[in-house]
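> Build the 3D model from these lines:
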Amino acid sequence: MRADAARNLEAVLTTGALMLASDPSASISAIAAEAGVDRRTVYRRFASREDLLAAIYDARLDAVEKVVRTARLDESAVPVALHRYVEGIIEVNRKWPVELTRMRAEPSIQDRRGRLSAEVDAFLQRATDEGFLRADLPDGWVSRLLIQLLHLASQEEVGAPQAADLLVSTFLRGVGAP
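Now for the predicted structure:
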């Protein structure tokens, strides 16, 4: 892909994510105009809004996969890996804020999400096994709590590193081992 085409695609996807987050009925024409490209450029790449939404979701999952790899959840010290993961996910949530629940039914997306969730769950189990998290909480509680804290931290109007500091401190002290 040519550099200008790649830039246009990135602009359409990130603009689409932002616009669809604030207005789920945003049109492709409006997204194209906001991204600074002709709507025909968007339609050449995406036959429908659903295709654009699927591409946004794929881009978001690509970004999450990169965060999981970079955080090195299976080998870094738990607090370090947790901070890397949290900071990266906050940035992903801010760049790709669109509500994507409609795409969860797509089997390929469901499979990718499942693999990522399994990696994070394995990390949280390691954190529990190493004494960083309480072992007496109901199954799935820590994971669901982390997701909610990530959502809240992503809304904070501070930089991702500061939001990650706050979340990690709250998370480890709130569900941390006594």
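> Helices of the protein, residue ranges please.
Ranges of helices within the chain are 3-22, 28-35, 39-45, 49-71, 78-95, 107-129, 141-155, 160-174, based on DSSP state H.
> Could you identify which of those is most buried?
Burial among the helices of the chain, expressed as mean neighbours by mean count of other Cβ atoms under 10 Å, is greatest for helix 78-95, which shows a mean of 20. For glycine as for every other residue, the C-beta is placed from the backbone atoms N, C-alpha and C.
> helices and strands around that helix, which ones?
Contacts of helix 78-95 with other secondary structure elements, assessed using 3 or more Cβ pairs under 8 Å, 6 or more residues apart in numbering; DSSP states H and E, are made with helix 49-71, helix 107-129, helix 141-155, helix 160-174.
> was I right about residue 81 contacting residue 120?
No. In terms of Cβ atoms under 8 Å, residue 81 does not count as a neighbour of residue 120; the distance is 10.4 Å.
> what residues are shared contacts of these two?
In terms of Cβ atoms under 8 Å, 6 or more residues apart in numbering, residue 81 and residue 120 are both contacted by the residues residue 73.
> Not counting stretch 75-91 itself, show me its contacts.
By Cβ under 8 Å, 6+ apart, the residues outside stretch 75-91 that reach it are 64, 66-68, 70-73, 120, 123, 126-127, 130, 132, 150, 153-154, 160-161, 163-165, 167-168, 171-172.
> I'd say residue 13 and residue 55 touch.
Yes. With contact taken as Cβ under 8 Å, residue 13 and residue 55 are classed as touching, separated by 6.1 Å.
> Not including adjacent chain positions, what is the nearest residue to residue 133?
Counting by Cβ to Cβ, 6 or more residues apart in numbering, the nearest residue to residue 133 once its immediate chain neighbours are dropped is residue 127, at 4.8 Å.
> Quick check: pLDDT value at the nearest residue to residue 72 once chain neighbours are set aside.
Setting aside the residues directly before and after it, residue 72 is nearest to residue 81 in space (Cβ to Cβ, 6+ apart), at 5.9 Å. The predicted structure scores residue 81 at 97 on the pLDDT scale.
> Also residue 158?
Turning to residue 158, the model gives it a pLDDT of 92.
> Measure how buried it is and give me the count.
With neighbours defined by other Cβ atoms under 10 Å, the count for residue 158 comes to 12.
> what sits against it?
Residues residue 166 are the ones in contact with residue 158 under the rule Cβ under 8 Å, 6+ apart.
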